[in-house]
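Colleague: coordinates only, no sequence provided:
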């Protein structure tokens with residue numbers, strides 16, 4: 001009996017002391033292997049391999065932590081790499097397993113030993129250096145302006161065509177021309193009474209580079225709803241791509257830049273129109289929790305961060321006056337619905353638009369397969385995850401898909417273009433902005 005009790009009280013062995021995985025290992029203990037996560041996981045649903053499920057990956061993490069599997073084991077690396085990081089398993093989990101934190105910690109532990117794939121390394125290097133990033137995004141905008149991406153997307157082989165279609169899908173839609181303007185200027189609705197809440201917008205990298213029209217719409221909508229805008233100069237990439245890939249040091253360096261930038265603005269809230277970036281900013285407190293000089297500062301920035309739909313739902317939002325007669329379905333980004341648990345606010349934004357027909361989307365909580373740069377490093381699995389999403393959109397009969405994240409907009413937009421669909425992708429804020437008659 002004493003031997004049994006001794007074995008039961010023995011602390012699990014740790015072969016990786018001091019590593020990110022070891023520091024996050026308490027999260028592994030929360031998993032009771034119930035299996036609720038299985039059908040929520042897009043890679044398990046599409047690949048039907050237990051090792052490509054959250055539960056299976058947690059077992060692999062445990063075995064690496066205990067030294068049973070080396071950090072450079074190629075098979076294990078494949079299963080970890082295949083994870084989209086959509087965190088749908090967290091929504092489904094009854095035990096509160098912090099899967100997203102464990103995934104990033106595992107990748108950060110593995111990266112120094114097994115390295116980072118070349119494509120991922122190249123993309124992360126560009127996003128880390130502002131000059132390279134601005135140059136790359138300027139090149140993408142100029143290329144988009146030639147209309148060549150639209151022409152080449154249907155003609156090139158799939159691996160070359162999809163990036164073309166992604167660039168083509170960022171072309172702004174003239175939604176304001178689709179709104180029915182009143183013949184005489186109507187009196188705008190009054191913003192909420194009381195002192196204006198000051199807001200500073202995260203400009204983002206891809207958002208400012210390829211979706212500047214969404215940023216412009218965001219500022220107009222916030223002002224229309226009574227927020228006083230303040231500028232935060234010196235912003236950088238939010239660091240989400242680096243954190244997801246396991247490059248936590250780069251993610252922390254970028255986070256410090258943004259914390260300082262938003263502190264300078266003194267705004268009450270930080271408005272984010274990119275779900276992935278919003279989830280990252282809300283994690284700055286956790287990311288920098290062991291940095292004495294930045295922990296408290298980062299936590300304050302995280303506490304002030306709000307998805308744009310959260311801010312608007314908190315004050316209404318003010319209903320539009322110009323009907324926008326479009327058939328729209330809403331596809332919530334994973335890092336909005338699962339990571340941030342922001343569910344109803346985007347629907348409140350869409351319901352504030354007169355004339356808009358909002359069509360439910362079956363399996364809307366399932367990932368589209370974008371996941372940052374996942375569609376570049378794991379294209380086959382990304383395609384498999386995207387396919388059912390495109391099928392559900394086609395079944396809805398919607399002409400427009402509203403989603404609040406640039407990666408999702410490009411992934412779904414490219415898929416629709418490549419499939420020959422006439423449906424297009426739009427940010428919910430663009431639709432609300434089109435229904436306001438400011439500047440008409």
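Modeller: Nice, I can see it. Values in this document were obtained by computation on a predicted structure and should not be read as measured data.
Colleague: helix, strand, or coil at residue 306?
Modeller: Under DSSP: H, G, I helix; E, B strand; the rest coil, residue 306 falls in the strand class.
Colleague: is the closest residue to it other than its chain neighbours bridged to anything, and to what?
Modeller: Spatial nearest neighbour of residue 306, chain neighbours left out: residue 269 (5.3 Å); criterion: C-beta to C-beta, 6 or more residues apart in numbering. Where you see a C-beta, it was placed from the backbone N, CA and C, and this is true even at glycine. Beta bridges link residue 269 to residue 199, judged by DSSP bridges.
Colleague: give the other helices and strands that the helix or strand hosting residue 138 contacts.
Modeller: Counting by DSSP states H and E, the element that carries residue 138 is helix 130-145. Applying 3 or more C-beta pairs under 8 Å, 6 or more residues apart in numbering; DSSP states H and E, we find helix 130-145 packed against helix 118-128, helix 158-168, helix 206-210.
Colleague: hang on, the residue nearest to residue 306 packs against residue 201?
Modeller: No: Residue 269 is beyond contact range of residue 201, at 9.9 Å (criterion: C-beta atoms under 8 Å).
Colleague: quick one: which of those two has more around it?
Modeller: Between residue 269 and residue 201, residue 201 has the larger neighbour count (other C-beta atoms under 10 Å), namely 25 against 20.
Colleague: which pLDDT value does the model give the more buried one?
Modeller: pLDDT recorded at residue 201 is 97.
Colleague: mind checking the SS state of the closest residue to it other than its chain neighbours?
Modeller: With sequence-adjacent residues excluded and distances taken as C-beta to C-beta, 6+ apart, residue 201 is closest to residue 271, at 4.9 Å. Look at residue 271: counting by three-state DSSP, its state is strand.
Colleague: residues contacting the closest residue to residue 156 other than its chain neighbours?
Modeller: Of all residues not flanking residue 156 in the chain, residue 164 sits nearest, at 6.3 Å (C-beta to C-beta, 6+ apart). Residues in contact with residue 164 (C-beta atoms under 8 Å, 6 or more residues apart in numbering) are 148-149, 152-153, 156.
Colleague: gap between residue 164 and residue 154?
Modeller: 9 Å (C-beta to C-beta, to the nearest Å).
Colleague: same question, residue 281
Modeller: Residue 281 is 38 Å from residue 154, by C-beta to C-beta.
Colleague: these two: which is more packed in?
Modeller: residue 281 (28 against 13).
Colleague: which residue is the nearest non-sequential neighbour of that one?
Modeller: That would be residue 305: by C-beta to C-beta, 6+ apart, it lies 4.3 Å from residue 281.
Colleague: partners of that neighbour in the sheet?
Modeller: residue 270.
Colleague: what is the burial count for it?
Modeller: Residues near residue 305, counting by other C-beta under 10 Å: 24.
Colleague: got the contact list for it?
Modeller: Per C-beta under 8 Å, 6+ apart, neighbours of residue 305: 269-270, 272, 278, 281-282.
Colleague: ok, the most centrally placed residue in the chain to residue 409 distance?
Modeller: Centroid-nearest residue in the chain, with C-alpha atoms, centre = their mean: residue 276, separated by 2.4 Å. Using C-beta to C-beta, one obtains 11 Å as the distance from residue 276 to residue 409.
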